[in-house]
Every structure is written in structure tokens, then in C-alpha cells.
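Novice: Model the structure of this input:
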Amino acid sequence: MFVLGIGGLNHDGAAALLGDEGILAAMEEEKITRNRRGQGLPIAAIEACLAHAGVRPSDIDVLAIARPMPADPAFHLDLRRRFPSARIVVVDHHQAHAASAFYPSPFEEATVLTLDRWGDGRCGARWHAQGYDIRAEKELLVPDSPALLFSRLSDLLGFRGGIEDHKVQWMSAGGTPRFADAFRRILRHDASLGITIDHSYFDAHRRSEGGFNEKFFNALGISHHDLEDDRVRADLAAALQKVIEEVVPAFAERGTHLCLAGGLMLNSMLVDAIERSGRFEDVWVQPVAGNAGTSLGAALHAWHRTLGRRERIRMNSPFLGSAFDLQAIKQVLDNCKLRFRYLMTDRELLEAAVERLSNDKIVAWFQGRTEWGPRALGNRSIFASPKNPYSTENLNVYIKHREPFRKFAASVPAETASTYFELGTTARYLASIGRVRPEYRATFSAAMLDETRIRVHAVRQEDNRLCWELLHAAGRATGLPVLYNTSFNLFAEPLVNDPRSAVRSFYASGIDALFIGNFALEK
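Specialist: As a prediction, the model looks like this:
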């Protein structure tokens, strides 16, 4: 039995393939095509998922599509032509988000919260999930979208709203929330109405500065020229981040277990605030919380609701993307006429990588299957040693070419993480924020968001054996089993997926060494 889920037809398209053995593959279109924000049927992702599992289009029993989707009859005829044996099921956008959050979670009963900018007329909902049933308890319509307000502020601060919203949360770490009271008048939680937004602070005809009008500027006591001040911009970000961290947990109410999905749940600081609110004992976040995750949610919804299957399919690994064997990698290296060194064993590979890291080199790491989702979790990563005092400067200035307030994660073996950090279970997927223990704050100061907070990636041996062994090898060499980790990508592109994009990014950046499979390349 095979179920193919498709999501993100308006942007962030992806496909997910389920079978009797679980999640067989899940991939985003943009990682394969290298085209961000593409629209339409994610053909490359679909073909890659099927190819990885050795499944033909005619083998698909159910094709589950997350809304929104085109109304054009030609689109539906194309689906029937491509999947002649499949039953086609259409799943509501937020129903798909909710399914992606609850079904793979470890819980048998939970509250589910889904929040994004806009889906299929809704921008969010609170659900009750038990067994195989997920029912909406309270819904939010698009005009009252806290995620859309976040995008508006992103645009006001000079970022691309809806694309670079993640920058606002990281900028907020360097600000003070002195404008929070003004944002509390705009964004509110009401026990009966849910989350509401006062739209009198916006001009529907204004296409610049997020659509905020003069009432907004007067309420904050600032002028348009004040936006040129980095301190004002950081304080605006901090204020909205704080208010969202108050409003969203209130909307979730209280319970034992909580599952999260929707694009707003990619906000790690918000997830951290929910975890620390004390409203729930356990929190599980779908690591692919955005539009791409609806492909898995649609497939899981069809698995349980259409096919009536009772087996819960857990998300036991985030490594659900493309894999490339040594022959495929070597073919790319040979075609590019590159000089490389072949390392016969994993031990040689680890020793070579740790030697470079110990000598303050920046190392690109391309191993195994590509991560599904926006975060690098040790298979498509760039690593640097915290022992290198210039590591974060080198990563930001010479490799990633991005703002200094965007810090890097600290990857650490899960079993030793508590020695250095305070963190929750969501650190497995880099979904939340940790705290550095006082005695190690000087060690990790370059990667800290503020006086205490840091992004932490807790690596389990069963999730990623090779990355876990790399961290331990670094620990034996330096006394510190921690490496700074950032995504292996450049030029605002998606995470690298294939050997050719890895080689291109390596030679177009200040990365010192690339370990791709068992091959080592150096400049």
C-alpha cells in the first residue's frame, strides 16, 4: 500500500511517500530544482521520492493533496494521467498541518495548535486529537493571523515579508521590548474569540512598510526616519516577539501534551516560550512545520481517514531526502575535474575532519540522506570549532554573507548535552532554544543569542551515527564534544541536496574543506 502526499502547491512544494514500512521518503521541490518559492505540482520532488523507494506512479494507491490547489480542470486531468490507479483525496490545509503534527508524535492524545499566515481561508486552529481522530475546537480566519502580522513587521524592518520572517526573531534577541504595550493593543487573545488583530493600525492600500499606518507610528511614538536606527528596529522585533510569545500559549490553553505545526512554529523562540510556559507537560513540534510539511500531513490523513489504517506512522528520522552512493559522487567530481582524496574507512574520514576543525578550518559535511525541512541536522552541514575565536565571524562574513545577529547552532551528543546546556526534547530537531550553563558562557559566547540563550542541536546516535561520532571525535581531540553547525547553502539558496550543488557551494565560498561521502576536497 502506497500513499503519496503533495503539499505547498502555492509555494514550498513538497512530496511525501508512505508505505507499509513507514515514511519512505519526503522531499522539497526547491532543494532539487534549486528554485526557491516555486509554484505548481512539485514534479521533481515526486519523482525523487518514487525513485528512492523504487515505486512507480502506477503503484500509488492514494494521492493526497493539501489545499490550496488550482481549480483548473487541466491540473486534475494531469494528476489522473500521472497516477492512473490512485484514488485522489483533497485535504484541508490546516487539517494537513494538524495531521503532520499529531500522527508522527509520541502521544495518543494531545492538543494540536496550527498557525500560519494563511492556508485555505484559515490562518490557524486549536484541535483535540485522540487515537485517529483530530477535531477543530477553535478556528482563526486569515485577517487575524499573528504570522501575517509577523510578516508585516518583517517588511517594515526591511526584510522580505513572508520569506525572511525568520530574521525578525533573531534580531529580537538583541532588542528590548519597549514597544510591547503598543503591540498588545494590536494583537490580543480573547477567551471566547481566540486571537484577534486590530486592523485600524493598517492601511489596506499601502504597499510599503508592511501596510502600517500613521496610527501605528503614533502609538509607538516613532517616525519613519527612526526605522533607520538599528536599535529601534531590534526593539520593534523584540516587542512583537514578546507579545506573540504571550498570545500564542494563551490560545493553546492548558493540557498534558501539545503538538505544533504551521509556519509560525518554525519560530524557535516561540516554541521555547510555549515549552517554558508550564501550560503543557510535553511539547512535540513537526520539524517541517511550514507548507512543505502539509505533504506529509495529507498523506497521514489519507492513511488513517481514507484507508482506515490503524498503525501509527512515527517520524523516527528527519533524513528522508535524496541519497547518493560513492559512484554518483565520484562521477560529479570527475566531471568537474577535481582533485580529491579517498578515505577508506569512517575512522579515516572522522580523523581527517577533526584534524581540520582542530586547526580552525571551516568544514562542509555532506553525508547520507538529505534532511527533510529547512534545518541542517548533520548531513548537509557546515561545521566549525567553538575553540576557534573567529569561527562565527568567518561563517557569517566570508561564507554565509549574512547579518551578525543570526547566530549558529551548537551541535552536541544528546547524552552529554546537559553538561553544557539546559534544553528540551525539541532540541533533537533544532526546534527550540537552549540555555548555556554559567560555567560555559565564555566558551560559547560567540554563538549566544544574548546573555544565556543559544540554539542547540542534540544529536542522538540512533538518529545520525556519523555526525554523533564526529562530535565525540572532536571531543577526544579538543576536550569539547561540540561543533558550531550551520546549513550547507549559500546565496539564500535552499540546503544543498546533490553532489553538484555541494561542490558549487564549496568552491564559491570560504569553506576550507569538503567531506562528501568518503571523498575529501581541500583548497
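
Novice: Tell me if I'm right that residue 358 and residue 477 touch.
Specialist: Yes - because the distance of 5.2 Å satisfies C-beta atoms under 8 Å, residue 358 is recorded as touching residue 477. Placement of C-beta: from N, CA and C, glycine included.

Novice: Find residues that contact each of the two.
Specialist: Counting by C-beta atoms under 8 Å, 6 or more residues apart in numbering, residue 358 and residue 477 have no shared contacts at all.

Novice: Okay, domains of the protein per the record?
Specialist: Taking automatic domain parsing as the reference, the chain has its domains at 3-101+292-306, 122-285, 326-522.

Novice: Check residue 30 and give its pLDDT.
Specialist: Residue 30 is assigned 96 on the pLDDT scale.

Novice: among the domains of the chain, which is the most enclosed?
Specialist: Mean neighbours per residue, mean count of other C-beta atoms under 10 Å, is largest over the domains of the chain for domain 3-101+292-306, with a mean of 22.

Novice: How far off centre is it?
Specialist: Its chain's C-alpha centre and that of domain 3-101+292-306 lie 19 Å apart, by C-alpha atoms, centre = their mean, to the nearest Å.

Novice: just stretch 107-119 next, same as before
Specialist: Computed by C-alpha atoms, centre = their mean, the chain-centroid distance of stretch 107-119 equals 16 Å.

Novice: If you count neighbours, what's buried in that stretch?
Specialist: By neighbour count on 16 or more other C-beta atoms under 10 Å, the buried set for stretch 107-119 is 107, 110, 111, 112, 113, 114, 115, 116, 117, 118, 119.

Novice: if we take the residues you listed, which one ends up nearest to residue 251?
Specialist: Nearest to residue 251 out of the buried residues of stretch 107-119 is residue 113 (C-beta to C-beta; 7.2 Å).

Novice: Could you report the distance from that closest one to residue 253?
Specialist: Residue 113 is 9 Å from residue 253, where distance means C-beta to C-beta, to the nearest Å.

Novice: which neighbours do those two share?
Specialist: By C-beta under 8 Å, 6+ apart, residue 113 and residue 253 have these common neighbours: residue 126.

Novice: what sits against residue 97?
Specialist: With contacts defined as C-beta under 8 Å, 6+ apart, residue 97 is in contact with 114, 116, 119, 261, 262, 286, 289, 293, 294, 297.

Novice: could I get the residues you listed as TSV with pLDDT?
Specialist: Shown next, in TSV, are the contacts of residue 97 (pLDDT from 0 to 100):
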residue	pLDDT
114	98
116	97
119	79
261	98
262	98
286	98
289	98
293	98
294	98
297	98
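
Novice: Output these as a markdown table; include the columns distance to residue 315.
Specialist: Listed next are the contacts of residue 97 as a markdown table, based on distance: C-beta to C-beta, whole Å:
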| residue | distance to residue 315 |
| --- | --- |
| 114 | 16 |
| 116 | 19 |
| 119 | 21 |
| 261 | 12 |
| 262 | 16 |
| 286 | 8 |
| 289 | 12 |
| 293 | 10 |
| 294 | 14 |
| 297 | 11 |
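
Novice: Leaving out sequence neighbours, find the closest residue to residue 497.
Specialist: Of all residues not flanking residue 497 in the chain, residue 31 sits nearest, at 4.1 Å (C-beta to C-beta, 6 or more residues apart in numbering).

Novice: Which strand or helix spans the one you found?
Specialist: Element membership of residue 31, judged by DSSP states H and E, is helix 29-33.

Novice: what helices or strands is that helix leaning on?
Specialist: With contacts taken as 3 or more C-beta pairs under 8 Å, 6 or more residues apart in numbering; DSSP states H and E, helix 29-33 sits against helix 43-53.

Novice: now residue 169: how far from residue 473?
Specialist: 33 Å.

Novice: Correction: the previous question concerned residue 188.
Specialist: The value you get for residue 188 to residue 473, if C-beta to C-beta is used, is 51 Å.

Novice: residues touching residue 103, list them.
Specialist: 297, 300, 301, 303, 304, 312, 313.

Novice: Repeat that for residue 271.
Specialist: Residues near residue 271 by C-beta under 8 Å, 6+ apart: 260, 265, 283, 285, 426, 431, 432, 433.

Novice: does the second one sit in a helix, a strand or a coil?
Specialist: Pointing back at residue 265 there. With DSSP: H, G, I helix; E, B strand; the rest coil as the basis, the three-state label of residue 265 is helix.

Novice: One more: the third one?
Specialist: Here residue 283 is recorded as strand under three-state DSSP.

Novice: who touches it in this structure?
Specialist: Contact analysis of residue 283 by C-beta under 8 Å, 6+ apart lists 257, 258, 259, 260, 271, 274, 275, 424, 425, 426.

Novice: Likewise for the fifth one?
Specialist: For residue 426, the contact set (C-beta under 8 Å, 6+ apart) comprises 271, 275, 283, 284, 285, 432.

Novice: how near is the spatially most central residue of the chain to residue 234?
Specialist: In the chain, the centroid-proximal residue (C-alpha atoms, centre = their mean) is residue 374; its distance is 3.8 Å. Distance from residue 374 to residue 234, counting by C-beta to C-beta: 23 Å.
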